[in-house]
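J.: no sequence on this one, just coordinates:
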């Protein structure tokens, strides 16, 4: 009788251990697929937002809204608190690994409730002036995210009496790698390793490199081809490389590389300029809170150097690089006609992106 009871307890232990691992794996998978779609006033075509992006910076809209409330701004809705499901599910996993029923169940239930609140959201503030994601619609990744919460909740109800660690090691596992066995006997260490892997995976799948070539019209009437490589974090540009061949300025290809989104590459009186903008609040903090919120660079024969807005010639104020964060349909080549359609499409592009606005404010 005692042996049967012990076997049954061990089965529950194994079940809880397997379930929490399934929850973590499903959670990680949810980062690699679209969590929801949205549109902006710059483009009526629905855009995908992969799960890793809201995990990494999803706290920002919540903080932004809470800070703005005392200033009289209306609150978008409780769905903004859905991001808190992420730290709560981490706490639930810890509770399951240390076999604490109270911590794991309360955290898993709260995580599930808050994650469901996201369904009430129809639009999101991004923190970027004038950019609001509208028609937010959940996608496959969101349901995987919810499923990971449900599995964690089920795992929390398959725990033994409080105070005992969950033994997820069966007799067959003794034949496995000794290092794996040693790690699995230490639930805190295992959870740390899972978390490190989750963060690494999320950062890498949320920062893909997009490369394309595009035609650019210069002030002297020439149309040249430049290459752009852009590293994205969801819909926001993290890094950008612009490469151009101009033999009259440099015998070697000229490369501009910054953590900004370029708007202009142009020549005035034989001098090469690039003008860019910050993709988000953090990039503006990195490059300084300037007014207007544009960042100018000039080629000095060796490299691009930062210049003040006043030193940007007014003759190159009109933007001439692709205004989208990346080609919408994965094109490898963008001609002038496609860029003009983007510039003058419906809904209209904000005027401060079509031409530099000396009165444009900053994120500060």
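T.: Sure, I can see it. Not measured: the values here are computed from a predicted model.
J.: alpha carbons only for contacts and neighbour counts from here, please
T.: OK.
J.: in this protein, which spans are helices?
T.: Remark: helices assigned in the chain by DSSP state H are 2-31, 52-57, 59-68, 85-97, 101-117, 140-156, 178-184, 187-206, 281-287, 336-343, 351-354.
J.: hey, least reliable of these by pLDDT?
T.: In terms of mean pLDDT, the lowest-scoring of the helices of the chain is helix 187-206 (a mean of 56).
J.: straight-line length of stretch 239-253, end to end?
T.: One end of stretch 239-253 sits 19 Å from the other (CA to CA, to the nearest Å).
J.: nearest residue to residue 322 other than its sequence neighbours?
T.: Closest residue to residue 322 apart from its sequence neighbours, by CA to CA, 6 or more residues apart in numbering: residue 339 at 6.1 Å.
J.: which residues touch the one you found?
T.: 321-323 (CA atoms under 8 Å, 6 or more residues apart in numbering).
J.: relative to residue 217, how far out is it?
T.: According to CA to CA, residue 339 and residue 217 sit 11 Å apart.
J.: again with residue 52
T.: As defined by CA to CA, residue 52 lies at a distance of 36 Å from residue 217.
J.: and the two? Which one has more around it.
T.: Per other CA atoms under 10 Å, whichever of residue 52 and residue 217 has more neighbours is residue 52, with 29 against 17.
J.: how about the more buried one: what's its closest non-neighbour residue?
T.: Closest residue to residue 52 apart from its sequence neighbours, by CA to CA, 6+ apart: residue 31 at 4.4 Å.
J.: burial count for the one you found?
T.: 27.
J.: just give the nearest non-adjacent residue to residue 306, would you?
T.: Once flanking residues are discounted, residue 306 sits nearest to residue 297: 4.5 Å by CA to CA, 6+ apart.
J.: any idea what residue 272 is bridged to?
T.: Note on residue 272: beta-bridge partners residue 267, judged by DSSP bridges.
J.: right, and it touches residue 296 too?
T.: No. The criterion here is CA atoms under 8 Å, and residue 272 misses it with residue 296 at 10.8 Å.
J.: residues contacting residue 249?
T.: 270, 301.
J.: got a PyMOL select line for the buried ones in the contacts of residue 339?
T.: Written as a PyMOL command, the selection of buried residues from these, which uses 16 or more other CA atoms under 10 Å, is:
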select buried, resi 321+322+323
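J.: got a list of what the residue lying closest to residue 274 once chain neighbours are set aside touches?
T.: With sequence-adjacent residues excluded and distances taken as CA to CA, 6+ apart, residue 274 is closest to residue 265, at 4.6 Å. By CA under 8 Å, 6+ apart, the residues touching residue 265 are 216, 218, 272-275, 319-321.
J.: quick one: residue 265 and residue 226, what's the gap?
T.: From residue 265 to residue 226 the distance is 9 Å (CA to CA).
J.: common neighbours of these two, please.
T.: Shared contacts of residue 265 and residue 226, counting by CA under 8 Å, 6+ apart, come down to residue 216.
J.: hmm, residue 252 is touching residue 245, no?
T.: Yes. Assessed by CA under 8 Å, residue 252 is found in contact with residue 245 at 7.0 Å.
J.: settle it for me: which of those two has more neighbours?
T.: residue 245 (16 against 10).
J.: phi and psi next, for the more buried one.
T.: phi -110, psi 120 (degrees, to the nearest 10).
J.: what pLDDT does it get?
T.: For residue 245, pLDDT reads 92.
J.: if we ignore the residues flanking it in sequence, what's nearest it?
T.: Nearest residue to residue 245 in three dimensions, chain neighbours excluded: residue 253, at 4.8 Å (CA to CA, 6+ apart).
J.: how far away is that neighbour from residue 242?
T.: Distance from residue 253 to residue 242, by CA to CA: 10 Å.
J.: neighbour-wise, which of those two wins?
T.: Taking neighbours as other CA under 10 Å, residue 253 and residue 242 compare with residue 242 leading, 19 against 11.
J.: count of residues packed around the residue nearest to that one when sequence neighbours are not counted?
T.: Using CA to CA, 6+ apart and skipping residues adjacent in sequence, the residue nearest residue 242 is residue 228, 4.6 Å away. Here the number of neighbours of residue 228 (other CA under 10 Å) works out to 23.
J.: so residue 228 bridges to which residues?
T.: With DSSP bridges as the rule, residue 228 is bridged to residue 212, residue 242.
J.: now swap in residue 50 and tell me
T.: With DSSP bridges as the criterion, residue 50 is bridged to residue 34.
J.: I figured it hits residue 38, correct?
T.: No. Judged on CA under 8 Å, residue 50 makes no contact with residue 38 at a distance of 11.3 Å.
J.: so for these two, which sits in the more crowded spot?
T.: residue 50 (26 against 21).
J.: roughly how far does the residue nearest to residue 274 sit from residue 243?
T.: In terms of CA to CA, residue 265 sits 10 Å off from residue 243.
J.: kindly report the same for residue 108.
T.: In terms of CA to CA, residue 108 sits 49 Å off from residue 243.
J.: of these two, which one has the most company?
T.: Neighbours of residue 108 and residue 243, each counted by other CA under 10 Å, are more numerous for residue 108; the result is 30 against 17.
J.: could you report the neighbour count for the spatially closest residue to residue 277 that is not a sequence neighbour?
T.: Leaving aside its sequence neighbours, residue 277 sits nearest to residue 294 (CA to CA, 6+ apart; 4.9 Å). For residue 294, the neighbour count with other CA under 10 Å is 25.
J.: what's the separation between residue 294 and residue 153?
T.: Distance of residue 294 to residue 153, computed by CA to CA: 48 Å.
J.: same deal with residue 31?
T.: With CA to CA as the criterion, residue 31 and residue 153 are 20 Å apart.
J.: many thanks, I have nothing further to ask.
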